[in-house]
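J.: Can you look at this prediction? I've put the sequence above it.
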Amino acid sequence: MPVTGGEFRFALRHLAAGVTVVTTRDQDGNPSGLTASAFTSVSLEPPLVLVCVDRASVSHPALETHGWFAVNVLARHQEALSRRFADSGSDKFTGVAYREGRAGLPLLEGVVATLECRLVDRHQAGDHTIFVGQVEGATAPGGHPLVYFQGAYHQIRQLGEMGQIGASA
Ligand SMILES: Cc1cc2nc3c(=O)[nH]c(=O)nc-3n(C[C@H](O)[C@H](O)[C@H](O)COP(=O)(O)O)c2cc1C
């Protein structure tokens with residue numbers, strides 16, 4: 001017997017997550033995208049990542065058909081961008097600074113990292129689709145990431161100027 005939706009959501013509120021905007025192009029060539037935190041790396045060799053997207057979202061068909069998607073990892077000052085891309089079906093790109101990447105992918109400016117991914121696999125999982133991408137391009141200007149935790153946006157304040165916590169061995 002599965003837990004209720006409320007129990008499920010309450011437990012997952014306790015997972016601190018980075019915030020990404022996943023972008024692509026729709027069949028008319030228009031930029032498309034949504035805010036997504038259900039993102040993770042999958043494999044090093046080959047370099048694979050996945051993102052889980054609600055099949056009811058307006059962006060879903062574009063992700064299915066374009067064959068490429070970009071993962072834009074938001075910086076701490078980009079909460080407004082996260083809110084904008086979480087607003088279903090709205091005109092999300094007007095006034096947003098972006099450049100074109102591989103396959104015309106919209107790459108957002110000011111992010112801490114960008115991954116350009118070629119769609120290599122997809123899996124239906126409940127009401128979401130797991131899109132698996134091979135990473136064909138990666139840049140990471142760095143900086144402080146935006147974090148989502150317990151239904152609110154947060155910043156990691158302990159980060160040093162170089163974006164690292166303490167020293168690494
Ligand atoms: C912080 C945050 C994380 C989210 N993560 C996801 C996610 O991983 N997958 C998803 O399908 N929707 C996620 N959403 C919800 C979508 O952004 C939202 O449903 C959006 O309206 C979809 O846009 P669209 O319908 O225009 O494609 C998230 C929303 C927020 C605020």
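T.: Right, received. Where do you want to start?
J.: any idea how far the residue positioned nearest the centre of the chain is from the ligand?
T.: Most central in the chain under C-alpha atoms, centre = their mean is Thr20, positioned 2.9 Å from the mean C-alpha point. With the distance defined as C-beta to the nearest ligand atom, to the nearest Å, Thr20 ends up 8 Å from the ligand. The way it works is simple: take the backbone N, C-alpha and C, and place the C-beta from them, glycine included.
J.: Contact partners for that residue?
T.: Residues in contact with Thr20, defined by C-beta atoms under 8 Å, 6 or more residues apart in numbering, are 35-37, 39, 51, 71-74.
J.: give me the number of residues near Leu119?
T.: Number of residues near Leu119 (other C-beta atoms under 10 Å) recorded here: 17.
J.: One more: the one 3 residues further on?
T.: Neighbour count for Arg122, taken as other C-beta under 10 Å: 15.
J.: and it, that one's in a helix?
T.: No: counting by DSSP: H, G, I helix; E, B strand; the rest coil, Arg122 is not found in a helix; it is strand.
J.: partner residues bridging it?
T.: Beta-bridge partners for Arg122, by DSSP bridges, are Phe131.
J.: same thing with Phe39?
T.: Beta-bridge pairing for Phe39 (DSSP bridges): Val51.
J.: And it, how close does it get to the ligand?
T.: Note on Phe39: its distance to the ligand, by C-beta to the nearest ligand atom, is 7 Å.
J.: So for the residue nearest to the centre of the chain, what's the pLDDT?
T.: Here the pLDDT value assigned to Thr20 is 98.
J.: mean confidence score for stretch 96-106?
T.: The average pLDDT within stretch 96-106 is 98.
J.: Buried residues in that stretch, which are they?
T.: Residues of stretch 96-106 classed as buried: 96, 98, 101, 103, 105-106 (neighbour count, 16 or more other C-beta atoms under 10 Å).
J.: Tell me which entries of the residues you listed lie within helices.
T.: Among the buried residues of stretch 96-106, the subset assigned to helices under DSSP state H is empty.
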